[in-house]
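Asks: just the structure for this:
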Amino acid sequence: MNDTTEQLTVLAVDDEPPALDELAYLLRAREEIAVVHTAGDATTALRLLRDGGVDAVFLDINMPGLDGLELAGILRNFATPPAVVFVTAHDDRAVSAFDLGAVDYVLKPLREERLAEAVRRIAERRRPGTPPPTDNATGDDVIPVELGGVTTLVPRSSVHWVEAEGDYARLHTATGSHLVRIPISTLESRWADAGFLRVHRSYLVALPLVTGIRSVGSGLVVCLKGEGTAPAVELPVSRRHTRELKDRLIRGPMQSWTSR
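Replies: Numbering: from 1, shown residues only. Prediction:
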């Protein structure tokens, strides 16, 4: 460990004793951590946190009474809030977690190397000269995705088009695609003001990348230019979305979607 970085005091919170014991054990094994406090519910955790001196909280989400997301929301109002890492068996709350400023989102069952990555992220934020985390001032929404056991953030501005896969959505970017547990209808409403438009029940496209539309047989396809290693693509347009697509493309030069 870098000698210029002070060791951490952390709090582990989980309402299930075996899970809490495992989490605390793994955290105590990390050389970056000096002290591990534990709490079996969010109310007890909040009482400990109000005393100060805790650098980071490793927090379960589903707990009786005050849940983990609600506790994280309260911590954001602290003058010096601790870093928050969610440790949960539920992979469908990551968007809400990162909206609350979480440093990381670790899925159960716990893996030692994955928890080590979360601790490393916290330690990096505390290094001298590292600017404090800020809210997303650019307005660029981010989507957390799990890659090789590590949660990374995919910015909305890097997404070219979105493909529905049941209750999931596949985000297509210049460097590849990412499957996330978010319905395409949710992204449609969240990203409408950033220049994304539903052109088909299965497709949502970034209008700034549209180069045109053309007829194919009895239907239409929308053409998107390629960027980076991503090739140009053509996606079908359903009849119910044709008029809005044409209207938006006609109005396009008078609008700006630079905050995609």
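Asks: where does pLDDT dip in the stretch 1-150 of the chain?
Replies: Where the stretch 1-150 of the chain drops to pLDDT under 70, the residues are 1-5, 128-140, 147-150.
Asks: show me where it has its helices.
Replies: Assignment of helices within the stretch 1-150 of the chain using DSSP state H, counting those that start in this stretch yields the ranges 17-28, 42-50, 68-75, 94-99, 112-125.
Asks: can you lay out these as CSV showing mean neighbour count?
Replies: C-beta coordinates here come from the backbone N, C-alpha and C atoms, glycine included. Output for the helices of the stretch 1-150 of the chain, formatted as CSV (neighbours: other CB atoms under 10 Å):
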stretch, mean neighbour count
helix 17-28, 17
helix 42-50, 17
helix 68-75, 20
helix 94-99, 20
helix 112-125, 17
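Asks: quick one, which of those helices gets closest to Arg170.
Replies: Across those, Arg170 has its closest neighbour in helix 94-99 (15.7 Å, CB to CB).
Asks: sorry, back to before: so which of the helices of the stretch 1-150 of the chain gets nearest Gly219?
Replies: Comparing the helices of the stretch 1-150 of the chain by CB to CB, helix 94-99 comes nearest, at 33.4 Å.
Asks: elements contacting that closest one?
Replies: If you count contacts as 3 or more CB pairs under 8 Å, 6 or more residues apart in numbering; DSSP states H and E, helix 94-99 packs onto helix 68-75, strand 104-107, strand 142-147.
Asks: put the alpha carbons of that helix into PDB.
Replies: Only the C-alpha atoms of helix 94-99 are listed here, as PDB (Å, rounded to 0.1, in the frame of the first residue of the first chain):
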ATOM      1  CA  ALA A  94     -27.200  -0.300  -9.900                       C
ATOM      2  CA  VAL A  95     -28.500   2.700 -11.800                       C
ATOM      3  CA  SER A  96     -30.100   4.100  -8.600                       C
ATOM      4  CA  ALA A  97     -26.900   3.300  -6.600                       C
ATOM      5  CA  PHE A  98     -24.700   5.300  -9.000                       C
ATOM      6  CA  ASP A  99     -27.200   8.100  -9.100                       C
END
